[in-house]
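Peer 1: A structural model of the following input is requested.
(2 chains)
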2 protein chains.
Amino acid sequence: MKKILIFGVGLIGGSIALKIRQKKLFDQIIGVGRSGGTSLTSYVSNGMLDVAIEKASEEIASTDLIIIATPVAQTKKILADIYPFINEKSVITDVGSTKSDVMAASKESLKEKFNQFIGSHPIAGSEKHGASAAKSQLFENKDIIITPHDNSLNSKIDYLRKFWVSLGGRVSNMTPEIHDEIFSTVSHIPHLLAFGLVNLINNKSNKDQLLNFAASGFRDFSRIAASSPEVWRDISLANKKAILNDLKLYQDEISSIIKLIEEENTNDLNQYLIKASTTRSEWIESQK
Amino acid sequence: MKKILIFGVGLIGGSIALKIRQKKLFDQIIGVGRSGGTSLTSYVSNGMLDVAIEKASEEIASTDLIIIATPVAQTKKILADIYPFINEKSVITDVGSTKSDVMAASKESLKEKFNQFIGSHPIAGSEKHGASAAKSQLFENKDIIITPHDNSLNSKIDYLRKFWVSLGGRVSNMTPEIHDEIFSTVSHIPHLLAFGLVNLINNKSNKDQLLNFAASGFRDFSRIAASSPEVWRDISLANKKAILNDLKLYQDEISSIIKLIEEENTNDLNQYLIKASTTRSEWIESQK
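Peer 2: Have a look, this model is predicted:
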């Protein structure tokens, strides 16, 4: 019997369960909630899960795939808790937005079983969260990054890759460090920059007037500033090195813009804006 | 016979013409193009305009409302050109995104007739442009800022306010300086910040890889970086003072974020993000 165990049945965990059910990829889907967290029993009655438990121990040994889809701060403890029960056949992964910290934490928690762990990051976020937002199509044509390490077993890497492909994803391998640098630039700092603009407005004495006249440009730019503060606090600290590097590069960009405007350097300012506008326009075309 | 004359029949000028036609607000709609620019004759045949001319002179005297809807850099010259022909009954306005510079330019060009000029800024932009993007509903429930000056005639202010209301807009009065400060914060700097992020990516050696993994957060944040470089170059220089002030305040925000992350100040970082997230969420609710 093929078994999958999902810790944390939110947007990502729930969407995995729905797709597995639809494609009958496993014989048994077990969800692990936590005492004090949302009860998972309704997910059993509505068919998303076969079994809901609050604490996993003996079930671990007979599980093919273990997915940690809780808030990232819990990953290390969960892995340490299940470590004694893990059988050598199991593949273990997570779904966190940062990878270096998760790889380091899992190495510590899983000890000699670390070769069964490969990090995953499905690029399928949303400002919505919770199992109520889950949908079986969430991973369709979405990038899924997996981050094996030097000791990862090839058979486990293959298994995980095929799993994500069967959910509809496009899988790429990379090191945790490269992953964290890339997502610092294209995801983490845009979020922080959007939070920053909203707080610039918060700090002005005419805040209400400003918000009253904010229109579509502000709306799209700042959408991601409505994201979960807890999630982005954790990501900021977990990916500290790459994010600080990018924030400083970004300050350099703003300094360049300030200089061009101060000097009224019409020609170079024009070139600067054309360069960005061209890249953005070509990018959106390439996404069609 | 009630006549309106529109210089520049693009997104804004064209949308004004369409709405006037629909509501029969004027008896004659005259569009003024320019030699070398897009020919307006097709707009006459499709009914958007009654008359298309390349240069306005005698028509000016008998016109009730003159609207300058060309790129802002042309406003001063157009006003100087038409100055000798302006009759005291005419109301003159523009539609530019910056107001202090337009008010100064029109004061210079219009001399003693400056009391007939009141600046306008319809907050109804789009990254689309040109008359082909024009639509009669463009101003429906949109904010229109008008910027009278100390010598503006009350009768002209009333006339202009009623005109924009008849197009569907919500009209607010403010000084050009206040206008420019507000729109620096909620529109101009978000645009420059989006251009800046795209150029941060442009300057990285793994640019293509970065763009390959950029997803919906980047897409919305950077949408306005696809805007016209010429327009944003001109706005940056026209509203230099307020924009430079805001860009420096923004650098302070980024410095605060850097410090919170460097010091791993979990609590204050959390508070910082909650403050922004709450404001953004409340704002979007208030827009519904």
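Peer 1: make it CA atoms for all contacts and neighbour counts henceforth
Peer 2: Will do.
Peer 1: Which positions within stretch A:3-22 qualify as buried?
Peer 2: Residues A:3-21 are the ones in stretch A:3-22 that count as buried (16 or more other Cα atoms under 10 Å in any protein chain shown).
Peer 1: I meant stretch A:188-205, not that one.
Peer 2: A:188-202.
Peer 1: Do a quick rundown of the helices in the stretch 101-250 of chain A.
Peer 2: A:154-166, A:176-183, A:189-202, A:207-213, A:216-222, A:229-238, A:240-262 (DSSP state H, counting those that start in this stretch).
Peer 1: I'd like to know which of those helices is closest to chain B.
Peer 2: When the helices of the stretch 101-250 of chain A are compared by Cα to the nearest Cα, helix A:216-222 sits nearest chain B, at 4.0 Å.
Peer 1: and the closest one, what other elements does it pack with?
Peer 2: Other helices and strands packing on helix A:216-222, by 3 or more Cα pairs under 8 Å, 6 or more residues apart in numbering or on different chains; DSSP states H and E, are helix A:189-202, helix B:189-202, helix B:216-222.
Peer 1: Which ones among the buried residues of stretch A:188-205 also lie next to chain B?
Peer 2: A:190-202 (Cα under 8 Å from any Cα of the partner chain).
Peer 1: pLDDT and distance to B:Lys142 for the residues you listed - can I get that in JSON lines?
Peer 2: Listed next are these as JSON lines, based on pLDDT from 0 to 100; distance: Cα to Cα, whole Å:
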{"residue": "A:Pro190", "pLDDT": "97", "distance to B:Lys142": "28"}
{"residue": "A:His191", "pLDDT": "96", "distance to B:Lys142": "28"}
{"residue": "A:Leu192", "pLDDT": "97", "distance to B:Lys142": "29"}
{"residue": "A:Leu193", "pLDDT": "97", "distance to B:Lys142": "27"}
{"residue": "A:Ala194", "pLDDT": "97", "distance to B:Lys142": "24"}
{"residue": "A:Phe195", "pLDDT": "97", "distance to B:Lys142": "26"}
{"residue": "A:Gly196", "pLDDT": "98", "distance to B:Lys142": "27"}
{"residue": "A:Leu197", "pLDDT": "97", "distance to B:Lys142": "23"}
{"residue": "A:Val198", "pLDDT": "97", "distance to B:Lys142": "22"}
{"residue": "A:Asn199", "pLDDT": "98", "distance to B:Lys142": "25"}
{"residue": "A:Leu200", "pLDDT": "98", "distance to B:Lys142": "24"}
{"residue": "A:Ile201", "pLDDT": "98", "distance to B:Lys142": "21"}
{"residue": "A:Asn202", "pLDDT": "97", "distance to B:Lys142": "24"}
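Peer 1: For those residues, give me TSV that also has distance to A:Ile157.
Peer 2: Listed next are those as TSV, based on distance: Cα to Cα, whole Å:
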residue	distance to A:Ile157
A:Pro190	31
A:His191	31
A:Leu192	33
A:Leu193	35
A:Ala194	36
A:Phe195	37
A:Gly196	39
A:Leu197	41
A:Val198	42
A:Asn199	43
A:Leu200	45
A:Ile201	47
A:Asn202	47
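Peer 1: Identify the farthest-apart pair in the residues you listed.
Peer 2: A:Pro190 and A:Asn202 (18.4 Å; Cα to Cα).
Peer 1: Pick the most buried one from the helices of the stretch 101-250 of chain A.
Peer 2: helix A:189-202 (a mean of 24; mean count of other Cα atoms under 10 Å in any protein chain shown).
Peer 1: So which other helices or strands are in contact with that one?
Peer 2: helix A:207-213, helix A:216-222, helix A:240-262, helix B:216-222, helix B:240-262, helix B:266-286.
Peer 1: Can I get it in PDB? Just the C-alpha atoms.
Peer 2: Taking C-alpha atoms only, helix A:189-202 is exported to PDB below (Å, rounded to 0.1, in the frame of the first residue of the first chain):
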ATOM      1  CA  ILE A 189      12.800  41.700  -1.900                       C
ATOM      2  CA  PRO A 190       9.800  42.700  -4.100                       C
ATOM      3  CA  HIS A 191       7.700  41.800  -1.100                       C
ATOM      4  CA  LEU A 192       9.800  43.800   1.300                       C
ATOM      5  CA  LEU A 193       9.900  46.800  -1.100                       C
ATOM      6  CA  ALA A 194       6.100  46.800  -1.200                       C
ATOM      7  CA  PHE A 195       5.900  46.700   2.600                       C
ATOM      8  CA  GLY A 196       8.400  49.600   2.600                       C
ATOM      9  CA  LEU A 197       6.300  51.800   0.300                       C
ATOM     10  CA  VAL A 198       3.200  51.300   2.400                       C
ATOM     11  CA  ASN A 199       5.100  52.200   5.500                       C
ATOM     12  CA  LEU A 200       6.500  55.400   3.800                       C
ATOM     13  CA  ILE A 201       2.800  56.400   3.400                       C
ATOM     14  CA  ASN A 202       2.000  55.300   7.000                       C
END
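Peer 1: Work out the gap between that helix and the centre of the chain.
Peer 2: In this view, helix A:189-202 has its centroid 20 Å away from the chain centroid, taken as Cα atoms, centre = their mean, to the nearest Å.
Peer 1: What of stretch A:18-27?
Peer 2: On Cα atoms, centre = their mean, the centre of stretch A:18-27 falls 22 Å from the chain's centre.
Peer 1: That stretch spans what distance, first to last residue?
Peer 2: Start-to-end span of stretch A:18-27 (Cα to Cα, to the nearest Å) is 13 Å.
Peer 1: A:Ala80 and B:Phe139, how far apart?
Peer 2: Applying Cα to Cα to A:Ala80 and B:Phe139 gives a distance of 60 Å.
Peer 1: Please say which of the two ends up with more neighbours.
Peer 2: A count of neighbours by other Cα atoms under 10 Å in any protein chain shown puts B:Phe139 above the other of A:Ala80 and B:Phe139, at 24 against 16.
Peer 1: distance of the more buried one from B:Lys207?
Peer 2: Counting by Cα to Cα, the gap from B:Phe139 to B:Lys207 is 39 Å.
Peer 1: same deal with A:Asn151?
Peer 2: Distance check for A:Asn151 against B:Lys207: by Cα to Cα, it reads 30 Å.
Peer 1: Pick the one among the buried residues of stretch A:188-205 closest to A:Arg170.
Peer 2: A:His188 (21.1 Å).
Peer 1: confidence score at the closest one?
Peer 2: For A:His188, the pLDDT comes out at 96.
Peer 1: And for A:Glu127?
Peer 2: 62.
Peer 1: With A:Ala124 instead?
Peer 2: At A:Ala124, pLDDT is 88.
Peer 1: Thought A:Ile145 was touching it, still the case?
Peer 2: No - if you go by Cα atoms under 8 Å, A:Ala124 and A:Ile145 don't touch, sitting 10.9 Å apart.
Peer 1: Tell me which of those two has more neighbours.
Peer 2: A:Ile145 (26 against 17).
Peer 1: residues contacting that one?
Peer 2: A:120-123, A:171-174, A:179 (Cα atoms under 8 Å, 6 or more residues apart in numbering or on different chains).
Peer 1: Next, find the distance separating it from B:Ser57.
Peer 2: Distance from A:Ile145 to B:Ser57, by Cα to Cα: 65 Å.
Peer 1: Equivalent analysis for A:Gly169, please.
Peer 2: Distance from A:Gly169 to B:Ser57, by Cα to Cα: 64 Å.
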